[in-house]
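Participant: model this:
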Amino acid sequence: MSDTDAQTVAFARETMIPAAPPPASQRGAIRWLREGVLSGPLNIVLTLISLWVIWLVLRDFVPWAWRGIWAAGSLDECRAIRDSRYGDGASVACWAVITDRWRQLTFGFYPVAELWRPPLALVLALLAVLPVLFAGLPRRLLWLSAAAPFVIYWLLFGGTIWGPLLTALGLGLAGLAAVAVGRQRGTGWGALAALAVLLAAFLDPFGLVVAGAGWLDGIVPLVPALAASLSALAPGSAAVWAPLLVAAGLALVGFLAAGLWRAGSPVAAAVVGAVLAAVLFLDLFAWIAWGLDAARLDGLFPLVPPVSDWLSGLAPLGLTPVDSDDFGGFTLSITIGLSAIALSLPLGVLLALGRRSDLLLISAVSTAYIEVIRGVPLIVWLFTAQLLLNYFLPPGTNFDLMLRVIIMSTLFAAAYIAEVVRGGLASLPKGQTEGAESLGLPYWSAMRLIILPQALKVSIPGIVNTFIGLFKDTTLVAFIGMFDPIGFASAIRADTDWQGIYWEIYIFIALVFFAFCFAMSRYSIWLERRLERSHR
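Facilitator: Here you go, the predicted model:
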């Protein structure tokens, strides 16, 4: 028996056999052909039919596009060059219309001397979204993401830089109020505090104290239009509004300062209280509409020309103003599309949470909004924005058409995103919510830390699909008189120089839209794979 054991041990292998390459039939192009193209008789037949169809499509298109003419000043000149090169009546693309009108298709009527601004704004927008889209980058770059919208607005529309700076300061103050109050009273109270600061900073409700009492005439800005509106609600009570609004303003200042004081920040409480008091009663931010070109929101926000003139005279920093009517082509489509995409996602998430809320009023309002918006085509809402929106605004209000389109596109996309996110929330097991409650997390903390990250991961395909559809739907603005790429294509084809051109313009527009939409689609696929946590 020992001899047998000795012989067995003698033949035991002490090292691993080196890994051998797989057979040639199981790797590379051969495996792909066997498994994906020629895996069976039926698939072989379908592959041959598909190749034949592709050949029918490309056999005429490829020579037509490849031999295209790029240098010509009109369609007649392009045809003359074609006849001299390839013979009379040859089928050749006239790409010269793109080289001749690329500026209109890309920038619209944007001033020639300022054409560097839209590309720079686009590059800045792409850099700003990188820290949001990719987690491996330094988190300090999120400050760039926060500042980019204001800088991009200034680059695109020009004017004084003080408007975007003070807008950012006002929003920052609202964020500080939300954090300070939220830590003491909860997220709901923090949101109310932020809303109050926003109203105080940008709508100036407390500037009415002077309109009602005339105490500091010439020092504190007046808002006679808003004062008249409030007095009209209760005739004969103009003198009552001043003490009431003063009391409300002081209460808000004390409330926020007390929240910071309890948090152990007495210096911050004093600074925030002083700044907020200045915001409420000295109207530091209400002049923003003037600095950002008041004609866009004339009648909605109070204007303070003396403050604007003083700041501009102190530091005249600004760019040449560009009106939104000068926007066109892909600059218009990208501006509307990216703005609506950035604004519709948070609004859609809030609507989804509102529809699932246990509060009947919030749930009913969210449901009604979603169903009404989704039940009407976008083109109808765009016509509403163009023709009917001003009827619902105060007299003298003049909303810029581009701003109206962005608002309507945002509201439209938000309704669809709300349903996509609601589907993601419904896919989560109830135990996730119960687990968050068992940890003692309040509602908003549970949503932010546990529920929404999982729901949004599930909803990525639907959200990106909505974004792609929204970006493509920006071409509908051509029906309301705005010159997007489709609108300019029609105008170019109506020109006597290029009358009769057709496919070349639309192929170029289609390729540009495809590039943007394909990039969004590929990022969606990459993000899904990165967040994949299933065990297979």
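
Participant: When you work out contacts or count neighbours from here on, use the C-alpha atoms and nothing else.
Facilitator: Noted.

Participant: For this structure, give me the ranges with low pLDDT.
Facilitator: 1-12, 24-25, 188, 199-249, 259-272, 274-316, 389-398, 533-536 (pLDDT under 70).

Participant: What residue spans form the domains of it?
Facilitator: Recorded structural domains for the chain (assignment: automatic domain parsing) are 33-66, 111-158, 160-319.

Participant: and the longest helix for this structure?
Facilitator: Secondary structure of the chain per DSSP state H: the longest helix is helix 503-531.

Participant: Distance from the chain centre to that one, please.
Facilitator: Shown here is helix 503-531, whose average C-alpha point lies 16 Å from the average C-alpha point of the whole chain (C-alpha atoms, centre = their mean, to the nearest Å).

Participant: same check, this time on stretch 156-176
Facilitator: On C-alpha atoms, centre = their mean, the centre of stretch 156-176 falls 18 Å from the chain's centre.

Participant: same question, stretch 449-466
Facilitator: Taking C-alpha atoms, centre = their mean, one finds stretch 449-466 lying 17 Å from the centre of the chain it belongs to.

Participant: Next, please give the residue ranges for the strands of the stretch 251-400 of the chain.
Facilitator: Using DSSP state E, counting those that start in this stretch, the strands found in the stretch 251-400 of the chain span residues 297-298, 318-319, 398-399.

Participant: Which other helices and strands does the longest helix of the chain contact?
Facilitator: Taking 3 or more C-alpha pairs under 8 Å, 6 or more residues apart in numbering; DSSP states H and E as the contact definition, the neighbouring helices and strands of helix 503-531 are helix 96-107, helix 452-473, helix 485-494.

Participant: mind checking which of the ones you listed is nearest Leu42?
Facilitator: helix 452-473 (31.9 Å; C-alpha to C-alpha).

Participant: quick one, that closest one and helix 503-531 angle?
Facilitator: Taking axes from the mean of the first three to the mean of the last three C-alpha atoms, to 10 degrees, helix 452-473 and helix 503-531 form an angle of 180 degrees between their directions.

Participant: Can you pull out the residues in contact with helix 452-473?
Facilitator: 333-334, 337-338, 340-341, 409, 413, 416-417, 420-421, 423-425, 427-428, 513, 517, 520-521, 524, 528, 531 (C-alpha atoms under 8 Å, 6 or more residues apart in numbering).

Participant: what's the burial count for the residue lying closest to Val322 once chain neighbours are set aside?
Facilitator: Computed as C-alpha to C-alpha, 6 or more residues apart in numbering, the closest residue to Val322 that is not its neighbour in sequence is Phe157, at 4.9 Å. Using other C-alpha atoms under 10 Å as the criterion, Phe157 is surrounded by 20 other residues.

Participant: now do Leu58
Facilitator: When neighbours are counted by other C-alpha under 10 Å, Leu58 registers 11.

Participant: who are the neighbours in contact with it?
Facilitator: Leu58 touches nothing, counting by C-alpha under 8 Å, 6+ apart.

Participant: the helices in the stretch 301-450 of the chain, which residues?
Facilitator: Remark: helices of the stretch 301-450 of the chain, listed N- to C-terminal, are 305-314, 329-355, 360-374, 378-383, 401-427, 430-438, 443-446; assignment by DSSP state H, counting those that start in this stretch.

Participant: Pull the residues that contact the fourth one.
Facilitator: Among residues not part of helix 378-383, those counted as contacts by C-alpha under 8 Å, 6+ apart are 405, 408-409, 412, 476-477, 480.

Participant: which one among those gets closest to Arg140?
Facilitator: When the contacts of helix 378-383 are compared for distance to Arg140, the smallest value, 31.4 Å, is given by Ser409; criterion: C-alpha to C-alpha.

Participant: Arg493 is in contact with Tyr502, isn't it?
Facilitator: Yes - between Arg493 and Tyr502 a contact is recorded at 7.2 Å, counting by C-alpha atoms under 8 Å.

Participant: on that earlier part again, ok, and the most crowded of the contacts of helix 378-383?
Facilitator: Neighbour counts for the contacts of helix 378-383, by other C-alpha under 10 Å, peak at Ser409, which reaches 27 neighbours.

Participant: Could you tell me how many residues sit around the spatially closest residue to it that is not a sequence neighbour?
Facilitator: Of all residues not flanking Ser409 in the chain, Ala340 sits nearest, at 5.9 Å (C-alpha to C-alpha, 6+ apart). The criterion is other C-alpha under 10 Å. On that basis, Ala340 has 25 neighbouring residues.

Participant: Tell me how far Ala340 lies from Phe399.
Facilitator: 17 Å (C-alpha to C-alpha, to the nearest Å).

Participant: Quick check: which of the helices and strands packed on helix 503-531 is nearest to Ile370?
Facilitator: Using C-alpha to C-alpha as the criterion, the shortest distance between Ile370 and the helices and strands packed on helix 503-531 is 14.5 Å, found for helix 452-473.

Participant: relative to helix 430-438, how tilted is the closest one?
Facilitator: Relative orientation of helix 452-473 with respect to helix 430-438: 120 degrees, computed using the same axes, to 10 degrees.

Participant: now the angle between helix 329-355 and helix 452-473, please.
Facilitator: On the basis of the same axes, to 10 degrees, helix 452-473 is oriented at 140 degrees to helix 329-355.

Participant: From Leu411, how far out is the residue nearest in space to the middle of the chain?
Facilitator: Nearest residue to the geometric centre of the chain (C-alpha atoms, centre = their mean): Ala342, 2.2 Å. Using C-alpha to C-alpha, one obtains 12 Å as the distance from Ala342 to Leu411.

Participant: likewise Thr496?
Facilitator: The gap separating Thr496 from Leu411 is 40 Å, by C-alpha to C-alpha.

Participant: who has more neighbours, these two?
Facilitator: Leu411 (21 against 11).

Participant: Skip the chain neighbours and tell me the closest residue to the more buried one.
Facilitator: With C-alpha to C-alpha, 6+ apart as the criterion, Leu411 has its nearest non-adjacent residue at 6.7 Å, and that residue is Ser344.

Participant: contacting residues around that neighbour?
Facilitator: With C-alpha under 8 Å, 6+ apart as the criterion, the residues that contact Ser344 are 410-411, 413-414, 417.

Participant: Mind giving me the PyMOL command for buried ones among these?
Facilitator: PyMOL command restricting the contacts of Ser344 to the buried ones, with burial defined by 16 or more other C-alpha atoms under 10 Å:
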select buried, resi 410+411+413+414+417
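
Participant: got the contact list for Glu437?
Facilitator: Going by C-alpha under 8 Å, 6+ apart, the list of residues near Glu437 reads Ala446.

Participant: cool, Thr187 as well?
Facilitator: Neighbours of Thr187 in contact, by C-alpha under 8 Å, 6+ apart: 178, 181, 444.

Participant: Over to Thr331?
Facilitator: Neighbouring residues of Thr331 by C-alpha under 8 Å, 6+ apart: 106-108, 118.

Participant: Can you lay out those as a markdown table showing distance to Leu56 and neighbour count?
Facilitator: Written out in a markdown table, the entries for the contacts of Thr331 read as follows (distance: C-alpha to C-alpha, whole Å; neighbours: other C-alpha atoms under 10 Å):
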| residue | distance to Leu56 | neighbour count |
| --- | --- | --- |
| Thr106 | 33 | 22 |
| Phe107 | 37 | 23 |
| Gly108 | 37 | 22 |
| Pro118 | 41 | 22 |
